[in-house]
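Student: Sequence plus the predicted model coming up.
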Amino acid sequence: MRRCGWLVLAWVAHAAASECGLYIAKSSAKPLKKGSTGVRLGMYAGKKIVRGDAVAPPELAIQVLSFEAHHTRLGANHTSSPPPKRLARGIAQVEDMFWVPSSTGGQFEEGVFGKDGGTTEADVWNTNPSVTAIPGSGALSNQHVGSVLAVWKEEYCHMRVPQEPQLPKQPHAGRGAYTNYYNLTALATMDIEPGMEILLDFGDHTDPWLYDPPHPETEDEETQGPLHLMDYKKLDQVVENMFQFFDKYKEELTPDAKTAMYDFLVKDVLEAAAGHKAEFVKKALPKDADDLHLVKKAGGTLLYNVPDLKRDLSWLRENGQCMDGLEAKPSTIPEAGRGAFATHDFSKDEFVAPMPLLQIADREILNMRNLVVDKENYVLGYVNETVVTHQLLLNYCFGHPNSTVLLFPLSSVTNFINHASGDKANVKIIWSKAPWLQQEEVDKWKQGNPLYTFDVRLHQSIGLGFDVIATRNIAQGDEIFIDYGDDWVQAWEDHVQQWRTKYKDLEEWPARAVDINANFVDKPFDTPEDKPTYPDHVQTFCYLEEMQVPMGQPRRRTILDKETGKEQEVDIYLYKKETVAAWEGDQLRPCQVLERKETKDAFFYNYTVLVMDAMDVEGKHVSIEVPHKSIRFYDRSFLSDQSDKSIPSFRYPMRIPDPLLPEAWKNLETKADFIKKMNTHFTKKEMDKDDVEDKNHTNDVKDKNHTDNNDDDSEDD
């Protein structure tokens, strides 16, 4: 965490200087699918960002739990009904913008592991994954297979310290009302020059066609795709060699000979060497040898082909919005978690921060029910329609009591802005007229019933935005507050009263995993001989990347299986020390400490642990030489403050001020009638198709990853 602290301080100093350090503007990536009225935004560096530094403030992460399952009805005789089409599209829209939860450790919130690491119903829960909302870098950065300028440093989220160290065991009404996932930070993989669009590594979920259309003759799925980073680097060297060659023999080569030589090098030599990427190589190079200097002038073949990856700062000032005016740290309000603070002074009526918005047409998609598992058909869903709570995402959205609409801010740090009533608030929101918005389309978003208008404007669209405006002078370091609305205040007061009634006799709240981890930074984990007394609601996990034990050393070991009470022989693996700095979510495995020994290195202790395979109880094995830092506590499934439904956690959106709410959005009272009316306009063919889809639903839920699914939007109601 010490390194992360320095990065945050560096970011604040970076943001406090006069020139904006981070802009949002229209991305250099290809436009959204034809017919979409939204825009694809990108983040751009306003100043040089040094390799290894944070490209943006650390972000929070909000887990959206078993999203689709809360709208899947289980019927008699093991039948099930998927979410209605109107909700399914809204769910898909949200999922398309979000990430898999492993980057934050959120995959353990619901039903993955039993008390001893077993997987009682894990196979069912794992086919109904959660998704994670990550605003800022997670929502506004783009990808390009030819250039990765930033990567998530997941360690900073996994190794986070408590945001309320003074309240680790105090019962308070804010429990479960805000996310406990934060400090997710994107770091620069190389020096990023001012004006460059910040392209994030999306890992396995990178869209290879975000900038280049697929070649129709390319059929091999394993090799298809446009040029990658190493391809561009090789081409840069090729261009440099050709440039020097033609410069060296410029006196000897006639124009025709130069053209013939260049054509031979490109069409015969390079195309033969490039294989399935020949068409992309040919496209990436100038058509004429005399234009090779333009590639060098642009800064390489990548920028030559996608010049908008780097914008002039004057263009960003005119067409973008500055996004470095806020930073996150523990709020000055007790029990409120983290807050947003000004990185520099603001004058009254001055622009403070942008809020591009994810539009949710129907808040119903955030309803949560008691889920059950149909073990025969491996389906997760509900039987009782009663809504027991709502997704935590609701607390981070703007809404209105008279509307189905929810608006989720996608910008950096603005989700940390806390509430203050009336004159105590120092900012307000107004509808944005940012240059990146298509103003002629904004009115269309506002003029129709959102249950229809939002849907036909296709997924992945950012068509609306708020601007955060100072209502009085704000000094650097001041916490930023906005008025959430009178109805929010009343809902909060009612919740506090309910909380006090339920927990009036409770003196101490069970310490959560993030609090317990803070006590084990340099304190050893217990072995069975120590008779561990860890709370029942947490369990240990290990970040593991392993290798075979060297020849000559034992490769099998006998252990006592707690589940059967019998001895069992298991394999032994060796922890790969060279990967110790990774600590990524997909490396996490439930584990139990068996033995401990002190070391002289920075990890204090090494451990021998019993590892329970995530999907197979019989896949247990022993891992040796596991460093202290690679072991962490996590709350057991269903027992964190967020996912424990026995806790009456607060759920209520911030209010869209009455003057800002379009008249057409006041649709809550007429929702049922409108849906019925809209359904009558379906053609019989569409209705029949929907019926067939519903009856033949196989419940094979895809793993929803952060990727573009615009090709799924071909049908509109």
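Tutor: Perfect, thanks for sending it. Predicted, not measured: the structure shown is a model, and the values here were computed from it. Numbering: from 1, shown residues only.
Student: Need the three-state assignment for Tyr573.
Tutor: Secondary structure for Tyr573, judged by DSSP: H, G, I helix; E, B strand; the rest coil, is strand.
Student: Residue numbering should commence at 109 henceforth.
Tutor: In the new count, where the first residue is 109, that last one comes out as Tyr681.
Student: Give me the nearest residue to it, chain neighbours excluded.
Tutor: Glu654 (3.9 Å; CB to CB, 6 or more residues apart in numbering). Placement of C-beta: from N, CA and C, glycine included.
Student: so who does that neighbour touch?
Tutor: Contacts for Glu654 (CB atoms under 8 Å, 6 or more residues apart in numbering) come out as Tyr681, Leu682, Tyr683, Lys684, Ser731.
Student: Farthest pair within those residues?
Tutor: Pairwise distances across the contacts of Glu654 peak at 10.1 Å for Lys684 and Ser731 (criterion: CB to CB).
Student: Those two: who's more crowded?
Tutor: Between Lys684 and Ser731, Ser731 has the larger neighbour count (other CB atoms under 10 Å), namely 24 against 13.
Student: Which residue of the chain lies farthest from its centroid?
Tutor: The outermost residue of the chain, judged against the average C-alpha position, is Glu360 (57.3 Å), by CA atoms, centre = their mean.
Student: could you pull out the strands for the stretch 359-508 of the chain?
Tutor: Secondary structure of the stretch 359-508 of the chain (DSSP state E, counting those that start in this stretch): strands at 429-430, 434-438, 446-450, 459-468, 475-476, 479-482, 487-490, 497-498, 506-507.
Student: now the third one: how far from the chain's centre is it?
Tutor: What it means is strand 446-450. Taking CA atoms, centre = their mean, to the nearest Å, the mean C-alpha location of strand 446-450 is offset from the chain mean by 20 Å.
Student: try the longest one
Tutor: Centre-to-centre, strand 459-468 and its host chain are 17 Å apart (CA atoms, centre = their mean).
Student: on contacts alone, who are the packing partners of that strand?
Tutor: Counting contacts by 3 or more CB pairs under 8 Å, 6 or more residues apart in numbering; DSSP states H and E, strand 459-468 is packed against helix 193-205, strand 429-430, strand 514-517, helix 558-564, strand 572-578.
Student: Would you point out the helix or strand in the protein whose mean pLDDT is lowest?
Tutor: helix 792-803 (a mean of 42; mean pLDDT, DSSP states H and E).
Student: one step back: list the beta-bridge partners for the residue nearest to Tyr681.
Tutor: Note on Glu654: beta-bridge partners by DSSP bridges are Tyr683.
Student: pLDDT below threshold where in the stretch 359-508 of the chain?
Tutor: Counting by pLDDT under 70, the stretch 359-508 of the chain has no low-confidence residues at all.
Student: where exactly do the helices run in the stretch 559-708 of the chain?
Tutor: 594-610, 621-626 (DSSP state H, counting those that start in this stretch).
Student: and the longest one, average pLDDT?
Tutor: Confidence for helix 594-610, expressed as mean pLDDT, is 92.
Student: hmm, who's touching that helix?
Tutor: For helix 594-610, using CB under 8 Å, 6+ apart, the contacting residues are Pro279, His280, Ala281, Pro509, His527, Ser529, Pro756, Phe758, Tyr760, Pro761, Met762, Arg763.
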